[in-house]
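*Asks:* What would the 3D arrangement of this be:
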Amino acid sequence: MKNRIGRAHTSLLGHSYGSMTAGKVAKMIRKGVLDDLVMYGSPGAGAHDAREYNLDHGRPYVSGIKTDDAVKGKGTLNSKFGNNPMFMPGVKHLANNSERDRSFFIPWKMFDRHSEYLEEGTSSLEDISRVVTNVPVKGKK
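*Replies:* I've put the predicted structure just below:
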């Protein structure tokens, strides 16, 4: 899809540890190459501050399921994974499938939802698709 300046809209998506890698890449590429960065199920953002990303008129986004995704948010303040993107200022929150959250913890299900971000019919897939197609996102529910 063409954006307002006549070139392709470019989004970089990363899941799990791939989101940490995508964050590191977004810091290294030339400004103007990448419009948006989407991280989901991320242990860390590959950066310590959202301003480190070389995004052109875009922004970093994150989707993180609250329950049963033990990988999400493993990065602590200034860790080697970068900060947890769920708590980084400047990172916009996408929908996170809260309709599937559970109010209680089941230890043997702590990874059950880690791969559901792109499942058909989920709110996270809808919002991630909106970023890629350059349509306004619905955001966190």
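*Asks:* what sits up against stretch 50-61?
*Replies:* 3-5, 11, 23, 26-39, 45, 47, 85, 88-94, 127-128, 131, 137 (C-beta atoms under 8 Å, 6 or more residues apart in numbering). Any C-beta I mention is one placed from the backbone N, CA and C, and that applies to glycine too.
*Asks:* so which helix or strand takes in Asp127?
*Replies:* helix 123-132 (DSSP states H and E).
*Asks:* hang on, the earlier thing: from the contacts of stretch 50-61, list the buried ones, please.
*Replies:* Using 16 or more other C-beta atoms under 10 Å as the burial test, those include 11, 23, 26-27, 34-39, 45, 47, 85, 88, 91-94, 127-128, 131, 137 as buried.
*Asks:* three-state assignment of the residue nearest to Leu125 when sequence neighbours are not counted?
*Replies:* Spatial nearest neighbour of Leu125, excluding adjacent residues (C-beta to C-beta, 6 or more residues apart in numbering): Leu118 at 5.2 Å. Three-state call for Leu118 (DSSP: H, G, I helix; E, B strand; the rest coil): coil.
*Asks:* was I right about Leu118 contacting Ser129?
*Replies:* No - when contacts are counted by C-beta atoms under 8 Å, Leu118 is not listed as touching Ser129 (9.2 Å).
*Asks:* ok, those two, which is more surrounded?
*Replies:* Leu118 (15 against 12; other C-beta atoms under 10 Å).
*Asks:* sorry, back to before: tell me which strands and helices the helix holding Asp127 is in contact with?
*Replies:* Applying 3 or more C-beta pairs under 8 Å, 6 or more residues apart in numbering; DSSP states H and E, one finds that helix 123-132 contacts strand 11-15, strand 36-40, strand 60-63.
*Asks:* CSV for those, including distance to Ser123 and mean pLDDT?
*Replies:* Listed next are the helices and strands packed on helix 123-132 as CSV, based on distance: least, C-beta to C-beta, whole Å; pLDDT from 0 to 100:
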stretch, distance to Ser123, mean pLDDT
strand 11-15, 16, 94
strand 36-40, 12, 94
strand 60-63, 9, 91
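*Asks:* Please list the residues outside stretch 132-139 that contact it.
*Replies:* Residues from elsewhere that reach stretch 132-139, judged by C-beta under 8 Å, 6+ apart: 1, 3, 9, 11, 13, 35-36, 38, 61, 92-95, 123, 126-127, 130-131.
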